[in-house]
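Colleague: Here is a sequence with its predicted model. Questions after.
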Amino acid sequence: MLDQITAPLASFIGDGAYDQAGIYDTIAKRDPDAQVIVPPRATAAPGVVTITASKRT
């Protein structure tokens, strides 16, 4: 789906189904400045380390 968008992304908004590391990584690689706005899945639990896509390098 992202291949159909040629302009840079300012943000990506999705539902909890998009709360996956692969989604965050794909958006960060394509448009590092884009904000990813996705609520956690209903079964999500806090991890030891929390990293946001905007802070990944």
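Modeller: Looks like it came in fine.
Colleague: Show me the strands in the protein, by range?
Modeller: Taking DSSP state E as the criterion, the chain carries its strands at 11-13, 35-37.
Colleague: For residue 21, find the nearest of these.
Modeller: strand 35-37 (11.3 Å; C-beta to C-beta). Placement of C-beta: from N, CA and C, glycine included.
Colleague: okay, the strands of the chain in TSV with distance to residue 26, mean pLDDT and mean neighbour count next?
Modeller: Written out in TSV, the entries for the strands of the chain read as follows (distance: least, C-beta to C-beta, whole Å; pLDDT from 0 to 100; neighbours: other C-beta atoms under 10 Å):
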stretch	distance to residue 26	mean pLDDT	mean neighbour count
strand 11-13	9	94	13
strand 35-37	10	93	15
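Colleague: Reformat those strands into CSV and put distance to residue 27 next to each item.
Modeller: Written out in CSV, the entries for these read as follows (distance: least, C-beta to C-beta, whole Å):
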stretch, distance to residue 27
strand 11-13, 5
strand 35-37, 5
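Colleague: To residue 44, which of those strands lies closest?
Modeller: Using C-beta to C-beta as the criterion, the shortest distance between residue 44 and those is 14.6 Å, found for strand 35-37.
Colleague: Partner strands of that closest one, with direction?
Modeller: Paired strands of strand 35-37, with direction, are strand 11-13 (parallel) (DSSP bridges).
Colleague: Spatially central residue for the chain, please.
Modeller: Central residue check for the chain by C-alpha atoms, centre = their mean: the C-alpha nearest the mean position is that of residue 24, 3.1 Å away.
Colleague: Distance-wise, check it relative to residue 17.
Modeller: 13 Å (C-beta to C-beta, to the nearest Å).
Colleague: returning to what we had before: wouldn't the residue nearest to the centre of the chain be in contact with residue 36 here?
Modeller: Yes - using C-beta atoms under 8 Å, residue 24 and residue 36 qualify as a contacting pair, with a distance of 5.8 Å.
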